[in-house]
Every structure is written in C-alpha cells, then in structure tokens.
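Participant: show me how the following folds:
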Amino acid sequence: MLHPSYTELMKVVNSNAGEDDAPIVTSRYSIVLATAKRARQIIARQSSDSLNVLNVSKPLSKAVKELNEGKIKILPEDETAEEE
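Facilitator: Residues are numbered from 1 along each chain as shown. Take a look at the predicted model:
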C-alpha cells in the first residue's frame, strides 16, 4: 500500500481551495500526473547537478513527499494554460 494514500494527497491539495471554490483535484489521475511531472523535474535537476549523485531517495518518492508536505501545489488546468 502506498503511503500517503491517494485520498490523503487529495485532501492536502484540496485544502488550499476556498470554501466556495471547486476542489482543485477530483481524481487520482490528477495526483499521478502532478507527481510524475515533479519527478521528471527532480530527475532533470539531478542529471544537471553532478553533486547530487549521493542522493538515495527515488525521484517519485521525493515528489509524493513534497506534495504531501504542501511544498508543491497543483494548479487548476486553466491557470497552467495562462502561465504558458
């Protein structure tokens, strides 16, 4: 079993939404996409930084931990399109 679970991650992400706002994440698919994207960012950073070779934790585990701790945020689809 994964820890934290998908439902726990969804609660953390949706805790940033206001009472009148719709939840940011409504499916496990969104959580998977966000953590995969963050894991790819971590991998890219590690490959460009040769001092990070001794890092033992896996990129996906790091991404899930960051999401659970609230260090990264998932933006609604319309906000991410505006940023690009």
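
Participant: how far away is G70 from A44?
Facilitator: 22 Å (CB to CB, to the nearest Å). Using the backbone N, CA and C atoms, a C-beta is placed for each residue, glycine as well.

Participant: to clarify, my last question referred to Y29.
Facilitator: Y29 is 23 Å from A44, where distance means CB to CB.

Participant: now do the residue nearest to K62 when sequence neighbours are not counted, the pLDDT please.
Facilitator: Sequence neighbours aside, I42 is the residue nearest to K62 in space, at 5.6 Å (criterion: CB to CB, 6 or more residues apart in numbering). Per-residue confidence (pLDDT) for I42: 88.

Participant: name the helices or strands packed onto the helix or strand harbouring I42?
Facilitator: Counting by DSSP states H and E, the element that carries I42 is helix 28-48. If contacts are counted by 3 or more CB pairs under 8 Å, 6 or more residues apart in numbering; DSSP states H and E, helix 28-48 sits against helix 6-14, helix 59-68.

Participant: for the protein, name the helix or strand with the lowest mean pLDDT.
Facilitator: helix 77-83 (a mean of 55; mean pLDDT, DSSP states H and E).
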